[in-house]
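Trainee: below is the sequence, then the predicted model.
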Amino acid sequence: MPEHDRDLLIEAARASGKIATEFAMRPHEKWDKPEGAGPVTEADLAVNHYLEDALRNARPDYGWLSEESEDTCERLGKDKLFIIDPIDGTRSFIEGAKTWAHSFAVVERGQVTAAVVYLPLLDKLYAAAKGQGATLNGAPITASIRQGLSGAEVLAAKPAFEPSHWKAGAPDVTRAYRPSLAYRLALVAEGRFDAMLTLRPSWEWDIAAGALLLSEAGAITSNKHGAGLLFNNADPRLAGVVAGGAGVHPALQAALK
């Protein structure tokens, strides 16, 4: 049942938050991954080790896809799998900021059925189970009801607003940014922002949990071409993400080339 998986993810997220916070409060090792894949820390690996043990023992028949585990084709033959980002926003974690997150999801046949995004230093735990709605710290959340794009508050990195991406130049929106992609998705699900977008190829582990939060909160999510999101692909990268309230997403998608 999706709600049982959600509860398992909540328990795992709280335990992960304790592990990561202990590292955040003291000096810890950090280094760059090969081929420009970004930074990693002792905390990322410690959380990943805990999750592999706790989640895979709890659901031994589920597959596994994590940013910090070696990927194998074994997961492609599984009906269900965990998609995990032990720490989303590792650069923020290294800098001592509070906006890094744990992002955990369960996917069944390409669709996310349970999800958690947890920011322990902000005490914000977003959770969802398919058909059960989305919550923040146990209270229901709903996406923005704004109609139209003009003046909308949109989370995105600066490159997304380059004129080359848009039919008639960048739209008239209020721009904002948060380093963690999972957090950006959650903030749109919460209704704090009207929309978000990233136009670069994006890893499934950054997106899966937030995608369910958004759909359960009444938002619309697609890739940059307007197609729906499917997970557990052989290449676990999606063609960007465009997400927003039902009155904003169509206008945002239509404005893109």
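Mentor: That came through fine.

Trainee: where exactly do the helices run in the protein?
Mentor: 2-24, 42-58, 90-95, 181-190, 204-216, 249-255 (DSSP state H).

Trainee: to Asp71, which of these lies closest?
Mentor: The minimum distance between Asp71 and these falls on helix 204-216, with 10.2 Å, by CB to CB. For glycine as for every other residue, the C-beta is placed from the backbone atoms N, C-alpha and C.

Trainee: nearest spatial neighbour of Lys224, skipping sequence neighbours?
Mentor: Gly240 (3.5 Å; CB to CB, 6 or more residues apart in numbering).

Trainee: could you give the number of residues near that neighbour?
Mentor: Gly240 has 19 neighbours, counted by other CB atoms under 10 Å.

Trainee: what sits against Lys18?
Mentor: Pro120 (CB atoms under 8 Å, 6 or more residues apart in numbering).

Trainee: hmm, back to that, from memory the residue nearest to Lys224 sits against Gly226, does it?
Mentor: No. Using CB atoms under 8 Å, Gly240 makes no contact with Gly226, being 10.6 Å away.

Trainee: residue contacts, the residue nearest to Lys224?
Mentor: Taking CB under 8 Å, 6+ apart, one finds Leu197, Thr198, Leu199, Arg200, Pro201, Ser202, Asn223, Lys224 in contact with Gly240.

Trainee: buried subset of the residues you listed as a PyMOL selection?
Mentor: Entered in PyMOL, the line below selects the buried ones among these, by 16 or more other CB atoms under 10 Å:
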select buried, resi 197+198+199+202+223+224
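
Trainee: now, the most widely separated pair of the contacts of Gly240?
Mentor: For these, the farthest-apart pair by CB to CB is Leu197 and Pro201; their separation is 13.5 Å.

Trainee: tell me which helix or strand of this protein sits lowest on mean pLDDT?
Mentor: Across the helices and strands of the chain, mean pLDDT, DSSP states H and E gives its lowest value to strand 30-32, namely a mean of 76.

Trainee: what's the closest non-adjacent residue to the residue located most distally from the centre of the chain?
Mentor: Residue farthest from the centre of the chain, counting by CA atoms, centre = their mean, is Ala168 at 29.2 Å. In space, Ala168 comes closest to Ala255 once its chain neighbours are excluded; the distance is 7.2 Å by CB to CB, 6+ apart.

Trainee: can you check Ile207 too?
Mentor: Leaving aside its chain neighbours, Ile207 sits nearest to Val241 (5.7 Å; criterion: CB to CB, 6+ apart).

Trainee: so who does the one you found touch?
Mentor: 181, 185, 196-198, 202, 207, 211, 221-224, 229.
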